[in-house]
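Engineer: What follows is a predicted protein model with its sequence.
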2 protein chains.
Amino acid sequence: MVVAPNRDRRAERREETRREILDAAWLIARQEGLPGVTLRAVAARVGMRAPSLYSHFASKNAIYDAMFGQAWTEFDAAAAAGYPGLPASPRAALTGAAKLFFDFAVSDLARYQLMNQRTIPGFEPSPESYAPAVRALGRLRSLLADLGLRDPAALDLFTAVTGGLIDQQLANDPGGTRWERLLGRVVGMYATEMGLPAGPETRQ
Amino acid sequence: MVVAPNRDRRAERREETRREILDAAWLIARQEGLPGVTLRAVAARVGMRAPSLYSHFASKNAIYDAMFGQAWTEFDAAAAAGYPGLPASPRAALTGAAKLFFDFAVSDLARYQLMNQRTIPGFEPSPESYAPAVRALGRLRSLLADLGLRDPAALDLFTAVTGGLIDQQLANDPGGTRWERLLGRVVGMYATEMGLPAGPETRQ
DNA sequence: GTCTATACACCGATAGAC
DNA sequence: GTCTATCGGTGTATAGAC
């Protein structure tokens, strides 16, 4: 009688190929920008012809979708490791969280565009790929709640001001620090608005 | 003896055609989104074939470039008319300026994407088209200076927080007011950070 | 000068042979 | 599962008609 092997080598190989395709796509995205990710370019990198990719992904947007999920999973893990548990001061906790997101965004433009900007015409993330983004946002919500900020507007306000800094930095001074330097001040004014106890210095 | 006519009908007709092409491009951008603006679609709207557009614009990006200039010229005019001269309070002046930009952005997504987001792959505005954007920013700088805010960081901070609100509003709640409602609070915390005298209420 | 016809190289996607 | 061939789309270049 034929028994099923306890390791599905077929599935493993398939998963490995998918991973190779996504790795190639990331490499191209970082080198040539997001629009440089064409099916022909990705296929060439993994030693295939373009149509063969359709055996592993339903469409080009499905590749973007998987990348979107990877990126947010990656950030969620970074946040899980990086958010301070119970730090010295509430303001330090906010600054740490903001800086974590800022640095993550600035360190990979293509990834940030995929995660946070609607730069790809037809692309809309699937619920499965959106899940880690929701998880990461929930982690931030928890952090704010631990500081006593339970108003939903507290979260919206925080994402708006930090996202605003990131967008300006990437759009108008890529590679520089013109808006990065303002991060401390922004967190400070946010903390004050939220009624958190004053830190050592409001003005940086 | 042949005298030159004091009206160059040829040039007028040419300018009129250019205007028609741009109008068609704006119409398509608003209806189908920015990526829907293809040369063939624009040409069809003005009763031409696609290659004929090259008699009036050097490339597709040149069309985007002219639209970029138009949009910023339009906003600069709105700012010139809408910025309060010497209003009741500094905070009211800031709120007015922020709301002017916010409403302008939210009222036309495609226009905002063209003006402020790098959503078109190869597009980079020319110096001529960028000029009105610089002018509009200078107008905001003057407004801040009139309020005593002469630190360059004051301008960067203001654009970051207002831009952050706009991006979140358009990306996560298009057509809604979830972030628009926070505009007063954001301006309030900005004004406080900048040391402006407190208005009637910090919390809206 | 203005427009058309034609062509090229690229894109994502599909059909079907092996 | 990967291939070749091909389709309809894109932006763009150019020759030539009017």
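Structural biologist: Arrived safely.
Engineer: The residue minimising distance to the centre of chain A in helix, strand or coil?
Structural biologist: With distances taken as CA atoms, centre = their mean, A:Trp72 lies nearest the centre of chain A, 4.2 Å away. Assigned by DSSP: H, G, I helix; E, B strand; the rest coil, the conformation of A:Trp72 is helix.
Engineer: what pLDDT does it get?
Structural biologist: Listed pLDDT for A:Trp72 reads 98.
Engineer: just A:Arg10 next, same as before
Structural biologist: Model confidence at A:Arg10, expressed as pLDDT, equals 88.
Engineer: residues in contact with the residue nearest to the centre of chain A?
Structural biologist: A:Met115, A:Ser129, A:Tyr130, A:Pro132, A:Ala133, A:Arg135, A:Ala136 (CB atoms under 8 Å, 6 or more residues apart in numbering or on different chains). From N, CA and C alone the C-beta is placed, and that goes for glycine too.
Engineer: make it 7 Å
Structural biologist: With contact set as CB atoms under 7 Å, 6 or more residues apart in numbering or on different chains, A:Trp72 has these partners: A:Met115, A:Pro132, A:Ala133, A:Ala136.
Engineer: ditto for A:Leu94
Structural biologist: In this structure, A:Leu94 makes contact with A:Val187, A:Tyr190, A:Ala191, judged by CB under 7 Å, 6+ apart.
Engineer: Now intersect those with the helices, please.
Structural biologist: For the contacts of A:Leu94, membership in helices holds for A:Val187, A:Tyr190, A:Ala191, with DSSP state H as the criterion.
Engineer: In CSV: those residues, plus neighbour count and distance to A:Gly47.
Structural biologist: Listed next are the ones in helices among the contacts of A:Leu94 as CSV, based on neighbours: other CB atoms under 10 Å in any protein chain shown; distance: CB to CB, whole Å:
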residue, neighbour count, distance to A:Gly47
A:Val187, 26, 48
A:Tyr190, 25, 50
A:Ala191, 24, 53
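Engineer: Out of these, the closest to A:Lys99 would be?
Structural biologist: Closest approach between these and A:Lys99, by CB to CB: A:Val187, at 8.6 Å.
Engineer: so the closest one sits right up against A:Ala97, yeah?
Structural biologist: No. Using CB atoms under 7 Å as the test, A:Val187 is too far from A:Ala97 to be in contact (8.7 Å).
Engineer: burial count for the residue of chain A found nearest chain B?
Structural biologist: Taking CB to the nearest CB, chain B has its nearest neighbour within chain A at A:Gly164, 2.2 Å off. In terms of burial, A:Gly164 registers 26 neighbours under the definition other CB atoms under 10 Å in any protein chain shown.
Engineer: What is the neighbour count of A:Ile28?
Structural biologist: A:Ile28 is surrounded by 20 other residues when neighbours are defined as other CB under 10 Å.
Engineer: can you give me phi and psi for it?
Structural biologist: In terms of degrees, to the nearest 10, the main-chain angles of A:Ile28 are phi -60, psi -40.
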